[in-house]
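[1] What follows is a predicted protein model with its sequence.
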Amino acid sequence: MEIRNELNGQLRIVIVGHVDHGKSTLIGRLLNDTGSLPDGKVEQVHEMSRKRGMPFEWAFVMDALQAERDQGITIDTTQIHFKTEQRPYVIIDAPGHTEFLKNMVTGASQADAALLVIDAAEGALEQSRRHAFLLHLLGVRQVAVAVNKMDRVDFDQYRFEAVSHEIRAYLAELGLHTSTVIPIAARHGDNIVTRSDKAPWYDGPTVVEALDAFRPQQAPTELPLRFPLQDVYKPDDRRILAGRIESGRLRVGDTLRFSPTGATATVVSIEGWNHSQPIVAAQAGQSIGITLDKRIFAERGHVAHHEEGAPHVTHRLGVRAFWLTSEPLAVGKTYTLKITTGEHRVTVESITAVIDIEDLSSTPAKAVHRNEVAEVVLRSRSPIAVDLASTLSRTGRGVLIDGHDVVGGCIVVEVDEGPAASANTTEVSHAVTADERNAANGHKGGVLWLTGLSGAGKSTLAMALERALFDRGWQVFVLDGDNVRNGLNAGLGFSAEDRTENIRRVAETAKLFADAGVLVIASLISPLQADRARARAIGGERFHEVYVAADLATCESRDPKGLYRRARAGEIPEFTGVSAPYEAPESAELTIDTGTVTPVEALGELLDYVDGAFGRNALKRGRV
Amino acid sequence: MTADLDYLESQSIYILREAYNRIDKLALLWSIGKDSNVLLWLCRKAFFGRVPFPVVQLDTAMELQEVYDFRDRIAGEWDLDLRVEPCPPEADMDQTLPPLTRAAARKTEGLKNLLRAGKYQGIMVGIRRDEQATRAKERVFSPRSLEGDWDVKDQPAEFWDHYKTRFDEGTHVRIHPLLHWTELDIWRYSKREGIPIVPLYFAKDGKRYRSLGEKNITFPVDSTAGTIDEIIAELVVTRIPERAGRAMDNEAEDSFERLRSSGYM
């Protein structure tokens, strides 16, 4: 779904459906019967079919690749132009095979409307449903259904109505509007361009008539302004902010606010090249460049908008996501979320539900596998300017990137505005704000998470830091891994699940303390990256990880509690460092090697860090 | 009404700006044909008058004289950073390719030399989906392997204008800002904007070039269209494919697919 002006007559149609239900054949027939094939194409297809010992294969018109023709399946999406008497079309063929879902998504995302092809004998199989669900997520709202291969069921009206009823009910549940369900036999051209005499009981439109009834997508010019920046150019003494208006309108003289920074400035000019007259206004769909009256900090990813109707700015989002890669999406994992041109590192806080494509029921899950759709909560360390997809679809959706690849897509269904603007949430608002607490305490609340092997010196360091900060008048408290096991987590053992739950509870408790304005020093071995990532997701940007490093030999020689000796003797199973792994942090905010510095030096380093991150200077920086 | 041209233009500018922001070392391939002329024009719009990267012509020394004349005039007038990359001789090509396809493969090898020498990470090419069936399967940002190969069976997901812009060391990406345009769009836009055109596209003695390529493997088609308006009128009714005058496309069922898989534009 790309922005187009309503004056453009061209419509983009994606053909979707289960593998082998006849999508490519339908398209071949459609092109032929509307006289849209170039001269010589039919002869070419005859030759290709003959060579492979097959009867005339319409699908070869579309399937351009050798592998596609040899295997008789569509692998990748393709596009082809054709015309009806009413207007020009681009037909997007999307593969039905589950292996190629990313190609289907690529094709379908560009469509104004969709034609869902279903085999009359087989009904709406898994991929038909999955495609319908993805159409809904991709924002394709207009759908017509073609029940194909009616010749194989002798144009039986009752069979047609059964299939029709089933798919209409499914689409309605997704909120997709189905205008039409058409009985067709694509191979023979029944009800494609000309009305078939084999189904006299059917008086609805043909495929071409159904296509002609679709409306083009319109650029959302009447919605609030969203102008995400793509780049900043300095071709001469001008400083031009370039980007595309995703919704709304913008005029010279408008005051713009930029999110998430909050900077404001007035539009001095809309720059152009090869324009005879100055440009005074621009609207959704246009790629433009503007200059401002003052030099503000603005860069790629920032979103310009008017004072009224601003986007949400948040650290926590509820999204509906579809997953396209074999490595599953999992709680605690970190990805890059890209919304228009803005990129944010996000951690998966929780997976609320995986949706069953068959009956649309939801089940909680720990991971989302390839081709699945799920409700997921993401937490970002940087503030994200975003909209709800239901209000502004173009700035309310994004892709998830892992390493070099786009691995999934998502639409925003819920935004957590945080304590500063919690009016829209059901949580009770505090009468005292976080800023007030920080000002009263003279420092920020937060979580300092000390991780490291047993014997690395975490507890010693934590207690010394608590003493030093308390003496300076700080609100500070140590949550020690061993101590919480006597109370809060008394019921938990040392199985993998219990250790994960132990850490989750400590992280949630630490967050509450931090909300109350306290600097929490959490001291836990917390050996697994995933568990710490989850703790970070819970703590948000106030979470700072400190790796108390000391090599195993050093820790073992210290052995203050005699645990290594017992572990080596086999008395303690799954002891971190001996019989269970310790995953060292890759991106801790601070690393202190207690094997190479004295305890006094270690405390000094830690105090310096805490001062910078949570002390008075940090407060000032936070306000600028 | 030309509102649809505004949309095409805006989409292409968006793509050009994404490429310029995300890809470190870029070059634009200029065949000097109608499509890459439009592409250059769009660059000047996107970047406010200048083309901020090198413009490369893969030269087989087999282009028609009018093409070279046009190249030299425009490169000067538009202040282009023009680089001419000579292509290796036909004798060096894969001899299993049909003869005409082999001639076309010279450009692939020229491009590989360019990539090696210039260490380019992104190459912009003015191909369109409606030209040819394998081009219809292309992505806007289309990654290539170290050898320049196109893995058509495993292309990246590309939706909502989010493109693949991160790559392994040593590979490159082809960027196709005109993928969504048609031949007719190119002519209508050239007319609206007044973009200069190589005169070979206009009919002389009942023939014109509909698609420009090397003189040994490209032939003019029957036509009386002597102006852009007449070309537009001709295209609205024709059922002859655009590349009918490109001999290499029709040598074998898969000749063009083989060319493209190994790195042809």
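    Arrived safely.

[2] make it CA atoms for all contacts and neighbour counts henceforth
    Noted.

[3] What are the buried residues along stretch A:445-465?
    Of the residues in stretch A:445-465, A:445-459, A:461-463, A:465 count as buried by neighbour count, 16 or more other CA atoms under 10 Å in any protein chain shown.

[4] of those residues, list those near chain B.
    When contact is defined as CA under 8 Å from any CA of the partner chain, those do not meet chain B at all.

[5] Mind checking which of those residues are in helices?
    Of the buried residues of stretch A:445-465, the ones assigned to helices by DSSP state H are A:458-459, A:461-463, A:465.

[6] element containing the residue nearest to A:N502 when sequence neighbours are not counted, please.
    Spatial nearest neighbour of A:N502, chain neighbours left out: A:N489 (6.3 Å); criterion: CA to CA, 6 or more residues apart in numbering or on different chains. A:N489 is part of no helix or strand, with elements assigned from DSSP states H and E.

[7] any weak-confidence spans in chain B?
    Across chain B, the ranges flagged by pLDDT under 70 are B:1-2, B:250.

[8] in the stretch 401-550 of chain A, what residue is nearest chain B?
    Residue nearest to chain B within the stretch 401-550 of chain A: A:H404 (4.9 Å; CA to the nearest CA).

[9] just checking, that residue touches B:F167?
    Yes. Look at A:H404 against B:F167 with CA atoms under 8 Å: they come within range, at 6.0 Å.

[10] neighbour-wise, which of the two wins?
    B:F167 (17 against 11; other CA atoms under 10 Å in any protein chain shown).

[11] for the more buried one, helix, strand, or coil?
    Assigned by DSSP: H, G, I helix; E, B strand; the rest coil, the conformation of B:F167 is coil.

[12] near chain A, which residues of the stretch 101-250 of chain B show up?
    Applying CA under 8 Å from any CA, we find that the stretch 101-250 of chain B lies next to chain A at B:129-130, B:133-134, B:136-138, B:152-153, B:155-162, B:164-168, B:239-241.

[13] hmm, 10 Å instead?
    Residues of the stretch 101-250 of chain B lying near chain A by CA under 10 Å from any CA of the partner chain: B:129-139, B:152-168, B:180, B:182, B:193, B:238-242.

[14] need the contact list for the closest residue to the residue of the stretch 401-550 of chain A closest to chain B other than its chain neighbours.
    Using CA to CA, 6+ apart and skipping residues adjacent in sequence, the residue nearest A:H404 is B:R166, 4.9 Å away. Listed by CA atoms under 10 Å, 6 or more residues apart in numbering or on different chains, the contact set of B:R166 reads A:401, A:403-406, B:22-23, B:143, B:172-173.

[15] For B:R166, what are phi and psi?
    Dihedral angles of B:R166 (phi, psi; degrees, to the nearest 10) stand at phi -120, psi 140.

[16] Helices along the stretch 101-250 of chain B, start to end?
    B:183-193, B:228-237 (DSSP state H, counting those that start in this stretch).

[17] out of those helices, nearest to A:S393?
    Within those, the stretch nearest A:S393 is helix B:183-193; the backing value is 28.5 Å (CA to CA).

[18] Are there helices or strands packed against the closest one, and which ones?
    Helix B:183-193 sits against helix B:3-22, helix B:34-46, helix B:228-237, with contacts defined as 3 or more CA pairs under 10 Å, 6 or more residues apart in numbering or on different chains; DSSP states H and E.

[19] per-domain residue ranges of chain A.
    What automatic domain parsing lists as the domains of chain A is A:11-212, A:227-305, A:316-421, A:434-623.

[20] same deal with chain B?
    Structural domains annotated on chain B: B:3-181+B:253-261, B:195-249, as defined by automatic domain parsing.

[21] Can you tell me how far the residue positioned nearest the centre of chain B is from chain A?
    With distances taken as CA atoms, centre = their mean, B:G126 lies nearest the centre of chain B, 3.5 Å away. Applying CA to the nearest CA, to the nearest Å, the value for B:G126 to chain A is 17 Å.

[22] and that residue, what is it in contact with?
    Contacts of B:G126 (CA under 10 Å, 6+ apart): B:28-31, B:33-40, B:175-179, B:181, B:265.

[23] List the residues that contact the nearest residue to A:P260 once chain neighbours are set aside.
    In space, and not counting its chain neighbours, A:P260 is closest to A:A385: 5.5 Å by CA to CA, 6+ apart. Residues near A:A385 by CA under 10 Å, 6+ apart: A:228, A:258-261, A:301-304, A:310-315, A:339, A:342, A:395-396.

[24] Just the residues you listed: which are in helices?
    Those of these lying in helices (DSSP H): none at all.

[25] Okay, and which of these map to strands?
    A:228, A:258-259, A:303-304, A:312-315, A:339, A:342 (DSSP state E).
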